[in-house]
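> predicted model, plus sequence, below.
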Amino acid sequence: LIVVLLFATPAFAYLPNSVLGAIILVALRGLLLQVLDAKEYASIKAADFYVWLISFVATLVFNVTIGIIIALAANFAVIIIRTSRPSIQLLGWIPGTEIYRDEERVEDAFEIEGVIIMRFNASLYFSNARFLQDRALAAVRNSDQDNVHSFILDCNPINDVDTAGVKMLLELRRDLKKENVTLYLAVCKAAVRDVLKRGGFYEDEGSKYLFVSLHDAVIFAVH
């Protein structure tokens with residue numbers, strides 16, 4: 001290809017535009033055939049389809065360079081949205097086991113009297129800390145239970161936490177205390193526990209409310 005571009009371009013100078021267009025279409029055949037994959041993208045993950053669509057249209061309307069830039073920007077936007085508003089589930093206990101599952105997905109998962117269990121499926125940092133706080137308080141205040149006394153946060157999916165996340169947890173603990181609800185953290189990774197300790201979460205006997213397993217936290221809260 002490089003040899004053609006350097007030495008053979010004069011041979012193409014007198015070709016009709018229709019022939020040159022045909023050459024370009026053949027070269028872009030692979031790109032155009034990706035249209036057939038659009039349905040698959042849409043059925044698997046809608047966000048991926050929209051990113052593909054934006055990238056495809058931008059490349060056709062502008063050029064490859066601008067198309068790549070817009071595609072990168074679209075991907076970054078999707079990542080920011082996903083991390084700032086991650087999925088959150090309220091968990092229920094499967095009787096006779098130490099297993100807790102999403103109440104909406106698993107019919108056999110039941111609420112525990114007086115206890116709300118929430119799983120946060122992302123690392124906790126400044127972009128999503130307020131989102132978690134709002135959802136946690138809403139879960140307590142809008143609960144069908146009249147005697148909620150414990151809120152357990154399943155930290156297993158949380159791989160990292162920043163300063164804003166620690167401050168939010170301290171604030172959430174104070175807000176829940178005003179509602180006569182105790183905050184418990186379960187299954188915190190070592191790196192997360194280190195940041196919590198440096199951020200002052202362990203003060204005022206805060207370490208008493210961290211548990212190795214979700215089931216241990218539930219047993220302690222219930223009894």
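On my side now, so go ahead.
> now the residue nearest the centre of the chain: which helix or strand?
Closest residue to the average C-alpha location of the chain: Pro86 at 3.6 Å, with Cα atoms, centre = their mean. Using DSSP states H and E, Pro86 sits in no helix or strand.
> contacts only, for it.
The contact partners of Pro86, taken as Cβ atoms under 8 Å, 6 or more residues apart in numbering, are 120-122, 128, 131. C-beta: built from backbone N, CA, C; applies to glycine.
> again with Gly200
166, 170.
> so which residues of the chain form helices?
Under the criterion DSSP state H, the chain carries helices at the ranges 2-3, 9-12, 17-27, 29-33, 38-44, 46-61, 64-84, 129-141, 163-178, 190-198, 214-222.
> and the fifth one, which residues are buried?
Think helix 38-44. By neighbour count with 16 or more other Cβ atoms under 10 Å, helix 38-44 contains the buried residues Tyr41.
> which stretches of this structure have low pLDDT?
Where the chain drops to pLDDT under 70, the residues are 1-6, 24, 27-34, 206.
> before we move on, back to that, hmm, which two among the contacts of Pro86 are most spread apart?
The largest separation in the contacts of Pro86, counting by Cβ to Cβ, is between Asn121 and Phe131 at 11.8 Å.
> those two - which one has more neighbours?
Phe131 (17 against 12; other Cβ atoms under 10 Å).
> skipping adjacent residues, who's closest to the more buried one in space?
Arg85 (5.8 Å; Cβ to Cβ, 6 or more residues apart in numbering).
> count of residues packed around that neighbour?
14.
> swap in Leu15?
The number of residues packed near Leu15 is 12, by other Cβ under 10 Å.
> what are the bridge partners for Leu90, then?
Met118 (DSSP bridges).
> my read is that it contacts Ala136, right?
No: the pair Leu90 / Ala136 is not scored as a contact, 10.4 Å apart, by Cβ atoms under 8 Å.
> joint contacts of those two?
Joint contacts of Leu90 and Ala136 (Cβ under 8 Å, 6+ apart) are Met118.
> looking at these two, which is more packed in?
Ala136 (23 against 16).
> can you pull the contacts of the more buried one?
118, 151, 153, 172, 176.
> quick one: it from Ala221, how far?
Taking Cβ to Cβ, to the nearest Å as the measure, Ala136 and Ala221 are separated by 15 Å.
> now Ser55
Note on Ser55: its distance to Ala221, by Cβ to Cβ, is 48 Å.
> same question for Trp52.
From Trp52 to Ala221 the distance is 46 Å (Cβ to Cβ).
> neighbour count: these two, which is higher?
Just comparing Trp52 and Ala221: by other Cβ under 10 Å the higher neighbour count belongs to Ala221, 21 against 18.
> grab the nearest non-local neighbour of that one.
Once flanking residues are discounted, Ala221 sits nearest to Ser150: 3.7 Å by Cβ to Cβ, 6+ apart.
> show me the contacts for that neighbour.
By Cβ under 8 Å, 6+ apart, the contact list for Ser150 reads 114-116, 181-182, 184, 221-222.
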